[in-house]
Every structure is written in C-alpha cells, then in structure tokens.
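A.B. asks: Give me a model of this one.
(one chain, ligands or ions: 1)
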Amino acid sequence: MIRKTGLCIVLFLPLLGFSQAAQSIGNYWQQKVKYAMDIDVDASNNRFRGKQKLEYWNNSPDTLSRVYYHLYWNAFQPGSMMDERSRRQGTMQKPGGAPDWDNRVKDRIQKLKSDEIGYQRILSLKMNGRPQQYKVRETILEVQLDKPIPPKSKVVFDMDFEAQVPVQIRRSGRDNAEGVRFSMSQWYPKLCEYDEEGWHPTPYIAREFYGVWGDYDVKISIDKSYVIGATGYLQNPAQVGYGYETTGTAVKRPAGNKLLWHFNAPNVHDFVWAADPEYVHNKVTLRDGLVVHAFYKIGPAQLKKQYDVLSATRKAEYDNNADNFIEHYKSQWEEVLELAKLALPYIEKTFGRYPYNQYSFIQGGDGGMEYPMATLLKGAGPDVVVHEWMHSWYQGVLANNESIYPWMDEGFADYAENRVLSFLTRDTAFAYRASYQAYYQLAKSNKEEPLSTHADHFNTNYAHTTSAYTKGCVFVEQLGYITGAQVRDNILLEYYRLWKFRHPDANDFIKVAEKVSGMKLDWYREYWINSIKTIDYSIDSLWEENGKTKIRLARIGQVPMPVDVQLSFKDGSKEMHYIPLDLMYGVKPAEDATITRKVYEPWHWTTQVYVIETSRKLMEVTSAEIDPSFRMADIERKNNKLELKW
Ligand SMILES: [Zn+2]
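C.D. replies: Residues are numbered from 1 along each chain as shown. Reported below is the predicted structural model:
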C-alpha cells in the first residue's frame, strides 16, 4: 500500500537501548529445502524451460504421503479461480460505492490471449529417481508419493518444467505498464510449506505467500542484452559485468547470444528476479558487508506513456506537465540508495540487524511486493521504498504465513514504515494517525471481519487490506500503549532475535510480548485479532466530595483496556492516573517522568465504571482526558475528554 506524502529527508542519530531476555522456543521445527534450478529463457516468445533439483528435509514428526507445489502462473488464464474471484469483487462495493476489485486485475485475466496467458507445466517429476504420480489442480500440483517420506529424513525431487511468462496482471509477468520486460516472481514450481498446522496448499487468487526455508542455486540463461536483478549473490560477476563486476575488472563474456547468470541465495524462502535490456544498475555499500542495488529504467518514452494514463488529479500534481513527472520519477530512482543509507542505522537499531549482505530495489512495474533480499517496485517514493524494505524484517526474516497472519507482515511493515518515515522527516506528529483513521472507518463500515480471517477469504478486498495494514499497524502502536513504548520496542527486538529465519505465528509473538513485558496479553490477541469488537471509554462525570475531585469513567465498548487519564489544572500542572486492566496481571511503567502518576487497583473487565480521584478541588480542574497519547484506538474520541470552563 502506498500513500502519497511530500517528504523532506534529514538525518539525525537516535539513542535507543535494549536488553535481551533469554528464551527458548520449545519443540519448534521447520522443513528445509535446497533448490538447484537451471532456466533457459527464450525472450523472443516469453517462455522458458527449467530443470529443478529439490532436496527436501522432512524435519517434522510426521510421515508425508503427499507433497504439494504452487504453480502460481496458472492463475493467469481465463476462467481461473483468480479471474473468477476478481470479477466477483467487481460486483461488490467498497465504502463510498466504488467496485471492490483490485484495479490492476479487474477483468483483465479473462481477456488474455493464448500468447499472453501464464502457465507452468510439469514435464516430469521424480522422487529419489522414481517417477511420481501427480495431478495439476490449477495453481496447485498435488503429488501422490509412491513411498511416504518418514519423519527426520531427506528426499530428492527432480523436475523438468516449462513456463510461459504471462502479460503482467498482478506482481509477476512481462511487459508491464512501466515497460519492464520480465518481472519474475512466483516463476518456478515452489514446494508448499508443511508446518505444525499441516500442508498449506493455498490456491492462488492474488494474495500473498508462504515458503519453505532453504537455499537457492539458480542459473538463468537469457539473451545477452538483458540485465538481471535478483534475490541472491551473483556468482560469476566477471563473466556478466553490467555493474556487478568489481570496479576496474575486465569483463570477459563467453561467446554466443546468451549469457548465463548464476545466483546463490542462502537461507531464504523464495527467489525473485527481473530482467530488462534497459535497466540502469546502481549499487552502494551501506555498511560493512552490506551492498544495496537499484535496477530501474528511465526511458522517457515509457515514462511519457505512464504520464498519459495518469488521472487528472495525478497529472495536476505535476502541473499537467509530463516533463515534471518524468523528472520526479527519475530522481526518486536515482535517490533510492541514498534514502536507504539514511534510513538503515535507525532501522537496524529499532528493528534488528539486516542479516544478508545484499538487498535490491528493482523496478517491477506493479505496486510494491516483498521478496527475500529484494523488492519489486512501481516507482521509488520514500514510503513504498521503506515499506517494502521493512518487509525484509517482517516476512523476509520473520517469515509468518502471509495468508493466515497477513497483519503480521503488512501491519508490522506499515508500522515500521510510518516510524522510519517520521524519523527521516523529523516529523514529531503522531506517526500512525492515518492508520488509526483508516481503522476507525473500517470499524464503522459494517464490512470489518476479524484479523484472524484467512487473507484469501475476506469478503471484500477493502476489509482485507484495511485490516491487514491499518488494524495490524494499530496493533503494534497500541501494544505500546498497553506495555509502554520502550517495552514494546524491546518486544520487537526480542521477537526478531528469537524468531528470525523461522515461521512465527500470532501466539509466538504474544508469548514473546508476555515474557518481555511481564504482562499477560492473550486477551489483547483475543479481542484485537480474533474479534471485531471495539474500544470506547468515556469520562462520565466529575464532582467534588470532601474537598477532593472524583472522576467517573465508563467503559462503553466491548474491548477492555488499561486506561490512562490525564488531569490538567488551572496552574498548568498535570497528573496521570493509570488503571491497569485485571487481565494484564501487570502495570505499565511510567512513560513520562515529568508528570506525577497515580496507579490504581486493576479495573475488572466485567465492571462498567471506575471512579478515580485527585486531591485537588474541582474548581482547579480544567480537563480530564482518557489517553492523551491517542494510541488507544478508541472509536469514539469525543467522549474521551471533558473540559471544564470556569
Ligand atoms: Zn506490504
């Protein structure tokens, strides 16, 4: 999701501390893969043939009699599940009345001609040298094994396959709106993940991904004129050149029309690449052991075409001048590595160290999409650049299942994006305001579904997107309201330390949060993730009794929360009154040392009202406000504050 912002980037260094708590993650296990793939691309007809050797370690305690692969590109055929679903969304409405479909997909799949569709066809499949029986169920390949795979054992699959690159409809494909020849995501038969919940053979309908951790060795043979950006380290830069070679080295390309590109990516769960003859390739060393690359094409003719299809409002942003658009677009790509350089120290301090030696920002021509060690981007504005890079933490490394826990990658990445952008712009305003507003709109829309809904199965794209991104973002910021911001930051770092290179789920995150904060937080997961209940607290009344002021608070919404109440007085002083929630079994540390805080006995979640008091007289009070930080997502803010006019 990309929001339009005008950003001014400046640099300053933050000071953040963190102490780690030692923890184990119990009996956790995960499967492992090792792919070796050889791909021969015929760029003239947009097809390729591939050989795939897949070593598969069954680390589970279970015997596997079947395995499943994803064949994502079969979705780009008229009448596919993705096509059907997209057209159905067109008959539904977002708030405001617009059709609920993804404007990039609409009914475009239905119109694809035979040389524009995508496909992945299996030519042969063996396990340990023996041919296997399989069935193609559109985007899922189901393999009935002749011998089951016992627990704690390894097998080798050998596959021959062929594929046609679809005209880009969504994420993957060729010849997209920005004229990039090949945006190659979801391009190979990819083994589905098997975890404690069993297999995840999720038919592809345009949502997101989940893959098996492992190593990739990928050789791509393609017409010599193409430049490739990819997940993984290029193994033969001196034969390839195109900016990969060490400065000053002479590039020796082998004879012939094609060039072989050999990439290696250790400890990732997917592999993306993109290729275009006009890619500009820039790279910069960000710190010891980390080189960041950018691949983009800035052909004015193509950019002019893009300008021509902009809406009138978008054109007006460029003073109705195509050259302004072209300049703006080019400069964003030219500055993307500089932006990465400015952001990295803050990102690593706040969210953990980026663990690979390479990252690539690649123009892929369709929104932004995260992949290990790389992103495909449309445009390189600071928001989408930061958002997609933050997915390296939230999904690239903390590899939650994006279908089942979409809020754990989109929500967390959205949170991180907002936070990093406010660091870069030195904007001190509440960074998550837009996310809270979007959540409030969702909560009042009658379209909301619980965040625990499988991403593919939300009734509307609107509810899916708003929930995953904004309610997910609010989850993280609001966690800071419950535990205190510093504790929340410690939780994020500990979560990263403990779960990197694994598949955390919602419970895993909550368990880390509970250990670090010393609070029970299961109730927060139940209400925020598994229900659509909402928060609403109010200041009910104030009165004076025996020279003291009493304030009655009321819980109107169904979600119970701890409550901060700030009292302000005529002399300019303030008091913070804090009532923990009984379900927390803990107390948030004071967050502002400059304000006196009074901590109360916990508020029972079964009780509707709670009375607090101050020793000051009523006539001294100017206002009482619940959560002046605005971090509690109270859907009715109007009743949070009572001002006394004297
Ligand atoms: Zn995202």
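A.B. asks: And the residue of the stretch 101-250 of the chain that's closest to the ion?
C.D. replies: Closest approach of the stretch 101-250 of the chain to the ion (CB to the ion) occurs at residue 208, with a separation of 8.6 Å. C-beta coordinates here come from the backbone N, C-alpha and C atoms, glycine included.
A.B. asks: How about that residue, nearest residue that isn't a chain neighbour?
C.D. replies: Among residues not flanking residue 208 along the chain, residue 402 sits closest, at 3.5 Å (CB to CB, 6 or more residues apart in numbering).
A.B. asks: Quickly find the element holding the one you found.
C.D. replies: Using DSSP states H and E, residue 402 sits within no helix or strand.
A.B. asks: Spell out which residues sit in contact with it, please.
C.D. replies: Counting by CB atoms under 8 Å, 6 or more residues apart in numbering, residue 402 touches 207, 208, 209, 210, 395, 409, 410, 455.
A.B. asks: at 7 Å instead, please
C.D. replies: Residue 402 makes contact with 208, 209, 210, 395, 409, 455 under the criterion CB atoms under 7 Å, 6 or more residues apart in numbering.
A.B. asks: follow-up on the earlier one: any idea how far the residue of the stretch 101-250 of the chain closest to the ion is from residue 270?
C.D. replies: Applying CB to CB, to the nearest Å, the value for residue 208 to residue 270 is 11 Å.
A.B. asks: ok, now residue 85?
C.D. replies: As judged by CB to CB, residue 85 and residue 270 stand 23 Å apart.
A.B. asks: Also residue 551?
C.D. replies: From residue 551 to residue 270 the distance is 54 Å (CB to CB).
A.B. asks: re earlier: count of residues packed around the residue of the stretch 101-250 of the chain closest to the ion?
C.D. replies: By the criterion of other CB atoms under 10 Å, residue 208 has 19 neighbours.
A.B. asks: Could you list the contact residues of the protein toward the ion?
C.D. replies: Applying CB under 5 Å from the ion, we find that the chain lies next to the ion at 410, 413.
A.B. asks: any weak-confidence spans in the chain?
C.D. replies: Residue ranges of the chain with pLDDT under 70: 1-24.
A.B. asks: can you pull out the strands in the stretch 451-600 of the chain?
C.D. replies: Under the criterion DSSP state E, counting those that start in this stretch, the stretch 451-600 of the chain carries strands at the ranges 537-545, 548-555, 563-569, 574-579, 596-599.
A.B. asks: try the stretch 301-450 of the chain
C.D. replies: According to DSSP E, counting those that start in this stretch, the strands that the stretch 301-450 of the chain contains are 358-363, 368-371, 374-377.
A.B. asks: dump the residue contacts of residue 410.
C.D. replies: 468, 469, 472.
A.B. asks: Now the residue of the chain most remote from its centre: phi and psi?
C.D. replies: Most distant from the centre of the chain: residue 546, at 54.8 Å, with distances by CA atoms, centre = their mean. Per-residue torsions, residue 546: phi 50, psi 40 (degrees, to the nearest 10).
A.B. asks: That one and residue 90: what is the separation?
C.D. replies: As judged by CB to CB, residue 546 and residue 90 stand 66 Å apart.
A.B. asks: now the end-to-end length of stretch 416-435.
C.D. replies: 12 Å (CA to CA, to the nearest Å).
A.B. asks: Sort out which residues of that stretch are buried, please.
C.D. replies: 416-425, 431-432, 435 (16 or more other CB atoms under 10 Å).
A.B. asks: can you check stretch 257-264 too?
C.D. replies: The neighbour-count check on stretch 257-264 (16+ other CB under 10 Å) flags 258, 259, 260, 261, 262, 263 as buried.
A.B. asks: export these to TSV and tack on distance to residue 176 and secondary structure?
C.D. replies: As requested, the buried residues of stretch 257-264 are arranged in TSV below (distance: CB to CB, whole Å; DSSP: H, G, I helix; E, B strand; the rest coil):
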residue	distance to residue 176	secondary structure
258	23	strand
259	23	strand
260	25	strand
261	21	strand
262	26	strand
263	22	strand
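A.B. asks: right, and out of the residues you listed, which lies closest to the ion?
C.D. replies: Among the buried residues of stretch 257-264, residue 263 lies closest to the ion (CB to the ion), at 23.9 Å.
A.B. asks: who touches the closest one in this structure?
C.D. replies: By CB under 7 Å, 6+ apart, the contact set of residue 263 is 218, 230, 232, 233, 234, 235.
A.B. asks: and if you look at residue 25?
C.D. replies: Listed by CB under 7 Å, 6+ apart, the contact set of residue 25 reads residue 498.
A.B. asks: gap between it and residue 93?
C.D. replies: Taken as CB to CB, the span from residue 25 to residue 93 is 44 Å.
A.B. asks: and the residue nearest to residue 167 when sequence neighbours are not counted, how many residues sit next to it?
C.D. replies: Closest residue to residue 167 apart from its sequence neighbours, by CB to CB, 6+ apart: residue 116 at 4.3 Å. Applying other CB under 10 Å, we find 21 residues neighbouring residue 116.
A.B. asks: Could you measure from residue 55 over to residue 371?
C.D. replies: Taking CB to CB, one finds residue 55 at 22 Å from residue 371.
A.B. asks: just to revisit the earlier point, the more surrounded of residue 85 and residue 270?
C.D. replies: residue 270 (24 against 20).
A.B. asks: backbone phi and psi for the nearest residue to the more buried one once chain neighbours are set aside, please?
C.D. replies: Using CB to CB, 6+ apart and skipping the chain neighbours, the partner closest in space to residue 270 is residue 211 (4.7 Å). The phi/psi pair for residue 211 (degrees, to the nearest 10) reads phi -140, psi 170.
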